[in-house]
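# all I have is the shape, not the residue letters:
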DNA sequence: TTTCAGATTTAGAACAAATATAAATCAAGA
DNA sequence: TCTTGATTTATATTTGTTCTAAATCTGAAA
C-alpha cells in the first residue's frame, strides 16, 4: 500500500517516516492543491501529536526533492501540488478552486527565453472557472 | 512634467496626491520591479513624513485601477511592475533580477483555457539569466 | 540487549510582510 | 472661514512562515 511511496522517498534519499508518508499520501489523494493549514487540519485528528512544523518541514523536503511542487498562486499562502512536472494552473476568483491546466508551450519546451535558461515555470491564470460561469453571472 | 501622470490618475477617478504621483513616477522610471520596501527606502529621504502605509495604500489603489501590476514571483514579498498589460517575467536565482519577457501565447490571446474564462495572467520563469550565465558557472 | 549518534519531530518563540485602526492632516466647496 | 470627506500617518495587529532547542525516534555498534 505505502510501498510505492516508501520507494519514492528512498530513491531521493529521504527517510520514509510515518509523518512524511502521511503528508505525501494526503497530497497525492487530493485534487484541491491544499495549503499547509488544510493539510495540518486534515491529519492532526489521526495523529494526535502531529505538528504543524512537521507539515512545513515535510513539504519543504518533498519540494526540494522534486517530488511535489509549491504554488504561489495566492499571495497570502502557499498551495501544494502532488504533481512535480511542469503544468499550469487556473485560480477562480469566485470559488477559489485551483485547476490544473495543460498547455503545450514551445517556450517551456525550448527551455530558454530571451537568453535566460529556464529551470522552473509557474504560470497562473486568474478568472472565472467553467463551473462558476454556468451557475451565476459575474 | 507630471501632467501625464496626473491625467492618468484622474481618468481612473483617483485623486492625484503628491504621494501617489511620487510612487507612480518612481515605479515608472524603474526597471527592477521594486518591492514596497525598496520604494519606501528610495522615497522617504525626499519626503520626511512619508509613511510605508502610504506605499501599501497607493500600490493597492494603482493595482486595482489597472495602472500597474503586482508580481508574486517571490513568495516572501510582492514586486510591482509599472506595466499593467499582460507579459511574463523571468527571475534569476543567482542575481535575483526580474526581467520582462515577451511571449506570444495563443491561450492568453484566446482568453479561455479548458472552459475557464481568463481575466488575468501571471507567468513566472525561474532559472539562470543570460548575464549570470556569461559570468560564472552554475 | 543496551548504548550511542544522528536524524526527525515537536512546541513554542521569533520574524517579516501585509493589513487594520484610529487619529491627524489635507483639500475643496459652501 | 467652516465643514466634510478623503488621504496620510504611526502604530498595533494579524498571519504565514521560519527558527530554535528540547524531546523523541531509529538503527547500528558494542
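Alright, I've got the coordinates. Quick caveat, the model's predicted, so the values are computed rather than measured.
# mind listing the residues bridging to the spatially most central residue of chain A?
Nearest to the mean C-alpha position of chain A, by C-alpha atoms, centre = their mean, lies residue A:81 at 1.5 Å. For residue A:81, the beta-bridge partners are residue A:69 (DSSP bridges).
# now the closest residue to DNA strand D within chain A. Nearest residue, chain neighbours left out?
Residue of chain A nearest DNA strand D, by C-beta to the nearest atom of the strand: residue A:78 (3.4 Å). Where C-beta positions appear, they are placed from N, C-alpha and C, glycine not excepted. Closest residue to residue A:78 apart from its sequence neighbours, by C-beta to C-beta, 6 or more residues apart in numbering or on different chains: residue A:70 at 5.3 Å.
# same deal with residue A:23?
Excluding the flanking residues, the one nearest residue A:23 by C-beta to C-beta, 6+ apart is residue A:58, at 4.6 Å.
# buried residues in the strand of greatest length in chain A?
Ranked by residue count under DSSP state E, the longest strand found in chain A is strand A:116-128. Residues A:116, A:117, A:118, A:121, A:122, A:123, A:124, A:125, A:126, A:127, A:128 are the ones in strand A:116-128 that count as buried (16 or more other C-beta atoms under 10 Å in any protein chain shown).
# same question for stretch A:13-31.
Buried, per 16+ other C-beta under 10 Å, within stretch A:13-31: A:14, A:19, A:20, A:21, A:22, A:23, A:24, A:26, A:27.
# distance to DNA strand D and secondary structure added to those residues, as JSON lines?
JSON lines is the format used below for those (distance: C-beta to the nearest atom of the strand, whole Å; DSSP: H, G, I helix; E, B strand; the rest coil):
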{"residue": "A:14", "distance to DNA strand D": "13", "secondary structure": "coil"}
{"residue": "A:19", "distance to DNA strand D": "10", "secondary structure": "helix"}
{"residue": "A:20", "distance to DNA strand D": "11", "secondary structure": "helix"}
{"residue": "A:21", "distance to DNA strand D": "11", "secondary structure": "helix"}
{"residue": "A:22", "distance to DNA strand D": "13", "secondary structure": "helix"}
{"residue": "A:23", "distance to DNA strand D": "14", "secondary structure": "helix"}
{"residue": "A:24", "distance to DNA strand D": "16", "secondary structure": "helix"}
{"residue": "A:26", "distance to DNA strand D": "16", "secondary structure": "helix"}
{"residue": "A:27", "distance to DNA strand D": "14", "secondary structure": "helix"}
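# which ones, among the residues you listed, also lie beside DNA strand C?
Filtering the buried residues of stretch A:13-31 for proximity to DNA strand C by C-beta under 7 Å from any atom of the strand leaves A:14, A:19, A:20.
# ok, these vs residue B:53, which is closest?
Closest to residue B:53 out of those is residue A:19 (40.7 Å), distances taken as C-beta to C-beta.
# grab the nearest non-local neighbour of the closest one.
Excluding the flanking residues, the one nearest residue A:19 by C-beta to C-beta, 6+ apart is residue A:54, at 5.1 Å.
# Three-state assignment for the nearest residue to residue A:98 once chain neighbours are set aside, please.
Nearest residue to residue A:98, sequence neighbours excluded (C-beta to C-beta, 6+ apart): residue A:33, at 4.3 Å. Secondary structure, DSSP: H, G, I helix; E, B strand; the rest coil: residue A:33 is coil.
# who touches the nearest residue to residue A:114 once chain neighbours are set aside in this structure?
Setting aside the residues directly before and after it, residue A:114 is nearest to residue B:101 in space (C-beta to C-beta, 6+ apart), at 5.8 Å. Residue B:101 makes contacts with A:113, A:114, A:116, B:87, B:88, B:89, B:90, B:125, as judged by C-beta atoms under 8 Å, 6 or more residues apart in numbering or on different chains.
# chain A: helices as residue ranges?
For chain A, the helices defined by DSSP state H cover A:3-11, A:18-29, A:36-44, A:52-64, A:106-110, A:130-135.
# output these in a markdown table, with distance to residue B:48 appended to each entry.
Shown next, in a markdown table, are those (distance: least, C-beta to C-beta, whole Å):
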| stretch | distance to residue B:48 |
| --- | --- |
| helix A:3-11 | 56 |
| helix A:18-29 | 50 |
| helix A:36-44 | 41 |
| helix A:52-64 | 41 |
| helix A:106-110 | 46 |
| helix A:130-135 | 48 |
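# cool, thanks, signing off.
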